[in-house]
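Peer 1: Sequence first, then the predicted structure:
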Amino acid sequence: MSSEKNESKVGITRHESPDSSSPPSIMPPARAPFSLQFLGKEEEVSRARRIYIKILLQRTLLIVGAIFGIFSIYWGAVDKLPARSLEGWIVDFDGEQVGQFVTGELSALSGPNINWSVRQAGDFPNGPVDLVAAVLDEQCWTAVAINPGVTRSLNESLNARASSFNSSEAITAYASEARNENSYRTLLRPTVTSLLDQITHDYAVRRMSDMISSNVSITAMSPDLLTRPIYFTLQNLRPFDVPVATAVTFIGLIYLLILSFFVVNSGILARAVSGIDRHITTTSLIRVRIASPIVIYLVLSLAYTLLTLAFGLPYDRHFGRAGLLIFWFLSWFGMMAAGLALESMMTLLTVKFIQIFMILWIISNVSVCLWPIDALPVVYKYGHAAPFYQISRGVRAIVFGTKNQLGLNFGILSVWILISCISLPLVQWYRRKGEITAWRATLPKDV
């Protein structure tokens, strides 16, 4: 019995063993991991190297395309500044010699920085006060007022041989730095100062010539009135006097978008590790993907607000204690507008191409925040609907008291949020449909 079993075993062994007449097949020994060189000639490393180089070349070409196609948006915004002239008003509240001279001279000096237009004094019943209100209401970028009674006061001072007339009160120029500090410092202030210096000098020369030709004695007159009978004062109605505000009106907006991107990646990691998206329905997954980042953005925007508060940003200048709450919710809405768009596009583009959209999203927003949209080419008018622009406008209203359009700012941000809340379910449903189809393909045919 034992012999039969042994023979049976031997028979099986012989049956399974190769024919002694055929050469034995020798399998190559398995390569030890981490033992090859990148430029090695082994088949497995050659195949892996080809795939590696192919992917890098594809991604490099994609990035080159992004450089020319997306970076050019920002380059185009700063290439020729200003591409369009900012609007400036001239209002003659004097109505006599000085007013007519300054109005005529300044209106003829429209240039690439400022396009001057003459407005009637009757449009401002309360005088310069109404003009100030118009500048603060952002109806123009700058305004020059020839103040009431300038000619009369100047003549009286000259005839009385007295120097009680303050020539710097003859003309007042108005602008708001906090509306856009870059345009104020680069375009408005230098241009207005240069033009009014030239005009007041020309008027002094003309006045002196008239007095000499009329044989008027000037020996007893004040030297100040002779050399500069009229001058100007530039009033910065809303100074950009909080340096840390730069962080929340421009650079900080990029940080908010980066934080939003971190939240998107955190959600992907959490779902991948937990595997929860394989257990819950499509409707439930959509709710999770929308609700989770919204809650996280609320916490992050609060931390962002408290950080800014710690560095001394004054929230209570124009809205009292409510300013802090408004800023917090503005940052929250901004993160939702920017972040939920990334959440939606991540589902559509996947991790392979989301970086390209990220670059586009940053640059298209940044391009319309650094300089006034009115000074950029017409194509950049899309910036009025950009999330970054709305956040920047809202922050300036809270901190500096510029034109209050917070209702509009929150409204446009809400539209972006709504668009993402509509597009994300559609894209997620499409992706889930593909996942279900792929899963069913793995099942046995009879299931």
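Peer 2: Received, thanks. Numbers count the residues shown, from 1 in each chain.

Peer 1: Could I get the contacting residues of the residue nearest to the spatial centre of the chain?
Peer 2: In the chain, the residue lying closest to the centroid (Cα atoms, centre = their mean) is Val366, at 3.2 Å. Counting by Cβ atoms under 8 Å, 6 or more residues apart in numbering, Val366 makes contact with 74, 250, 253-254, 388. In this view, the C-beta of every residue, glycine as well, is placed from N, C-alpha and C.

Peer 1: which of those count as buried?
Peer 2: Among these, those classed as buried by 16 or more other Cβ atoms under 10 Å are 74, 250, 253, 388.

Peer 1: Turn the contacts of Val366 into CSV, including pLDDT.
Peer 2: Formatted as CSV, these follow (pLDDT from 0 to 100):
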residue, pLDDT
Tyr74, 94
Phe250, 91
Leu253, 93
Ile254, 94
Phe388, 96
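
Peer 1: Between all of these, which two are at the greatest distance?
Peer 2: Tyr74 and Leu253 (14.0 Å; Cβ to Cβ).

Peer 1: Following the chain onward from the longest helix along the chain, which element is next?
Peer 2: When the chain is parsed with DSSP state H, its longest helix is helix 322-366. Next helix or strand after helix 322-366 toward the C-terminus (DSSP states H and E): helix 387-400.

Peer 1: Remind me what that next one packs against, helices and strands.
Peer 2: Under the contact definition 3 or more Cβ pairs under 8 Å, 6 or more residues apart in numbering; DSSP states H and E, helix 387-400 sits against helix 245-246, helix 252-274, helix 316-319, helix 322-366, helix 406-441.

Peer 1: so how far is the helix or strand following the second one from its chain's centroid?
Peer 2: If I follow you right, that is helix 252-274. Using DSSP H and E, the helix or strand that follows helix 252-274 in sequence is helix 282-310. Centroid displacement of helix 282-310 relative to its chain, using Cα atoms, centre = their mean, to the nearest Å, is 21 Å.

Peer 1: From the contact counts, what lies against helix 282-310?
Peer 2: Identification of packing neighbours for helix 282-310 by 3+ Cβ pairs under 8 Å, 6+ apart yields helix 252-274, helix 322-366, helix 406-441.

Peer 1: what helices or strands is the last one leaning on?
Peer 2: Translated: helix 406-441. Using 3+ Cβ pairs under 8 Å, 6+ apart: helix 406-441 touches helix 282-310, helix 322-366, helix 387-400.

Peer 1: Distance from the shortest one to the middle of the chain?
Peer 2: Averaging C-alpha positions (Cα atoms, centre = their mean) puts helix 387-400 10 Å from its chain's average.

Peer 1: residues of it that come out buried?
Peer 2: Of the residues in helix 387-400, those buried (16+ other Cβ under 10 Å) are 387-400.

Peer 1: Now render these as TSV, adding distance to Val78.
Peer 2: Below are these laid out as TSV (distance: Cβ to Cβ, whole Å):
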residue	distance to Val78
Pro387	20
Phe388	16
Tyr389	16
Gln390	21
Ile391	20
Ser392	17
Arg393	20
Gly394	24
Val395	22
Arg396	21
Ala397	25
Ile398	27
Val399	25
Phe400	24
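
Peer 1: Tell me which two in the residues you listed are the farthest apart.
Peer 2: Within the buried residues of helix 387-400, two members stand farthest from each other by Cβ to Cβ: Pro387 and Phe400, at 20.1 Å.
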